[in-house]
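In: Fold the following, please.
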Amino acid sequence: MTPGEHADAVAKVAIYAAACGILSTVPVWPPLQALLLLVFLLTGPGSALMCWAALPPAVTVAAVVGLSVSSVLATAVAMAWVPFWGPVPSCLVLSAAVITSGLVRLRALRKPVTESATPW
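Out: Coordinates of the predicted model:
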């Protein structure tokens, strides 16, 4: 797998994880909500960050999980410090950030490489 294909796959994981995060806020069967939220919490924010780094696949998987859990924990701690506790809005905002990062990375990978200087 080339580095471009690897970044492409991680960016797609970010998009799918963000979709899981958004869907986890919809009031449906609670075990389904918990499963969707778990997928988002374990893969979402980390894949949004790791799609920009060129690391070996094993390192990327470990970093995705570690960064995801730590960023969600940091969000919860920040909400506890300020007098605002809104799990649904925070999940939606974090999901929006993750999906934006994944889409921007996919767009950057699709853009052809061009010369920065104008040819004379």
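
In: Distance check, Leu109 against Val77.
Out: The gap separating Leu109 from Val77 is 33 Å, by C-beta to C-beta, to the nearest Å. In short, each C-beta sits where N, CA and C put it, glycine included.

In: the more surrounded of these two?
Out: Higher neighbour count among Leu109 and Val77: Leu109, with 13 against 9, using other C-beta atoms under 10 Å.

In: Please name the nearest non-neighbouring residue to the more buried one.
Out: Among residues not flanking Leu109 along the chain, Asp8 sits closest, at 5.6 Å (C-beta to C-beta, 6 or more residues apart in numbering).

In: Surely that neighbour touches Leu106?
Out: Yes - in this structure, Asp8 is within contact of Leu106 by C-beta atoms under 8 Å, at 6.8 Å.

In: need the strands for this structure, in chain order.
Out: Using DSSP state E, no strands are assigned anywhere in the chain.

In: Point out where it drops to low pLDDT.
Out: 112-120 (pLDDT under 70).

In: ok, which stretches of it are helices?
Out: 3-23, 30-50, 57-81, 87-110 (DSSP state H).

In: Please enumerate residues in contact with the third one?
Out: Okay, so that is helix 57-81. Contact with helix 57-81 is made by 1, 6, 10, 13, 41-47, 49-50, 53, 55, 85-86, 90, 94, as judged by C-beta atoms under 8 Å, 6 or more residues apart in numbering.

In: Could you rerun that using 10 Å?
Out: Applying C-beta atoms under 10 Å, 6 or more residues apart in numbering, the contact partners of helix 57-81 are 1, 6-7, 9-10, 13-14, 17, 21, 37, 40-51, 53-56, 84-87, 89-91, 93-94, 97-98.

In: mind listing what's buried in it?
Out: By neighbour count, with 16 or more other C-beta atoms under 10 Å as the criterion, the buried positions of helix 57-81 are 60-61, 63-65, 67-68, 71-72, 75.
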